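A.B. asks: Mind looking at a prediction? Sequence and model below.
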Amino acid sequence: MTVEFFREEPTARTSWRLAVLMGANVRTYKFALGEALLGAAAQGQGDILLKDLAGPYAMSLVEHLAQAPQASPKVVAAGADFLAVAREEAAESMRFGGPTEKLLAAAMKSMPAMVMRKFHRLRGDGGAEVPHRFYEVTGPARERVIRLTGPLLEVALSEQRPSLLAELAARWGIVEMSFAAGVGRSLVEEGVAVDLETLRITDKERRRPVAGVTEAVIGFQHGRCGICGDPLILGVDEIAVDHVFPYSFRRLMPAIDLDAIWNLAPAHRPCNAQKSNRPPTPGQLTRLAMRNEAIMLSPHPLKRTLQLTLKRHGFRDGWWHFIQGVRDQLG
Ligand SMILES: [Zn+2]
């Protein structure tokens, strides 16, 4: 299935999205590394010292630790765990505005051994990796050098850079939320809710906003408008969240929740205004089905929300059938 997502748009950017959006995460290290890599590559450098990547990496984990758990409750932390060091050094690092010596050393030790080995790996798939490599670890153990590759520079300098940063942050927030759900696990069992007024995904139990709908799903539609298919650049284009099957159709299909994630797709505001209450075109339905299939590759809880929609309506065969079924109700 990840193969299909890549085939829709076989670029370095899609490999990046496979790595960042579709992994199974028990810790959030990948997101901190992704953010640090985008930051380093944006400066256009080819080689950097591990130290210079480890600083931003460690600091962004420390900042996130202050807000939410960074590991699944299923993970039993050992004493040598990098997060244990990060917790101990957090207060001083924040005060200092940069990592303490101990924190930096711990990051430099753990990164090449752990997160940098796993970043390119696809979930499941017995050791398979995403089609592009974004860095190579070189140099002697005492002074590791990170070679930032062409594909990474291409991704970091692409016009979609603001979207990539926003979707990474959204995914990070969603994963944190699933860690915080803890023993009750209601979130993991019941999926997420959407607050239509603010267009944010919320934690059902605690009614807490977690990420914008746009930021949370845009990566799964390759950063493109759900209506015209052209790139949709966060922070540049005016964006609306389109009800693919218009909300006004609720009278025709009262049993189906049209306000849920499955039916919401970010679009250019002008495209959305022009579409108005018209039924979706075949192209829009195809894009929606592919987008939803892509979300199904991304572990809880966004995926869970979609699974529940399918289950509620007795569908097992995925989004093509479900969406066609809804379309057929329009006559
Ligand atoms: Zn558009």
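C.D. replies: On my side now, so go ahead. Numbering: from 1, shown residues only.
A.B. asks: contacting residues around Leu199?
C.D. replies: Shown here is Leu199, whose contacts under the criterion Cβ atoms under 8 Å, 6 or more residues apart in numbering are Gly212, Val213, Thr214, Val241. Every C-beta, even on glycine, is put in place using the N, C-alpha and C of the backbone.
A.B. asks: Need the CA coordinates for stretch 43-58. PDB is fine.
C.D. replies: As requested, the backbone C-alpha atoms of stretch 43-58 are provided in PDB (Å, rounded to 0.1, in the frame of the first residue of the first chain):
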ATOM      1  CA  GLN A  43      20.600  26.600   5.200                       C
ATOM      2  CA  GLY A  44      21.800  24.800   2.000                       C
ATOM      3  CA  GLN A  45      24.700  23.000   3.700                       C
ATOM      4  CA  GLY A  46      25.800  19.600   2.400                       C
ATOM      5  CA  ASP A  47      27.800  18.300   5.400                       C
ATOM      6  CA  ILE A  48      27.200  19.200   9.100                       C
ATOM      7  CA  LEU A  49      28.700  18.000  12.300                       C
ATOM      8  CA  LEU A  50      26.500  15.600  14.300                       C
ATOM      9  CA  LYS A  51      26.800  18.100  17.100                       C
ATOM     10  CA  ASP A  52      25.000  20.800  15.100                       C
ATOM     11  CA  LEU A  53      22.100  18.500  14.400                       C
ATOM     12  CA  ALA A  54      22.000  17.100  17.900                       C
ATOM     13  CA  GLY A  55      21.500  20.600  19.500                       C
ATOM     14  CA  PRO A  56      18.200  21.400  17.800                       C
ATOM     15  CA  TYR A  57      17.100  17.800  18.000                       C
ATOM     16  CA  ALA A  58      17.600  17.700  21.800                       C
END
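A.B. asks: hang on, the earlier thing: of the contacts of Leu199, which belong to strands?
C.D. replies: Residues from those lying in strands, with DSSP state E as the criterion: Gly212, Val241.
A.B. asks: Tell me the secondary structure at Glu176.
C.D. replies: Classification of Glu176 into helix, strand or coil gives helix, according to DSSP: H, G, I helix; E, B strand; the rest coil.
A.B. asks: returning to what we had before: could you identify the most distant pair in the contacts of Leu199?
C.D. replies: Comparing every pair within the contacts of Leu199 by Cβ to Cβ identifies Gly212 and Val241 as the most remote, at 8.9 Å.
A.B. asks: you'd agree Val115 is up against Val26?
C.D. replies: No: using Cβ atoms under 8 Å, Val115 is not in contact with Val26; the gap is 11.7 Å.
A.B. asks: Those two: who's more crowded?
C.D. replies: Val115 (20 against 13; other Cβ atoms under 10 Å).
A.B. asks: residues contacting Val85?
C.D. replies: When the contact criterion is Cβ under 8 Å, 6+ apart, the partners of Val85 are Lys102, Leu103, Ala106.
A.B. asks: Stretch 208-222 and the ion, any residue contact?
C.D. replies: No: residues of stretch 208-222 are not located near the ion by Cβ under 5 Å from the ion, the shortest gap being 11.1 Å.
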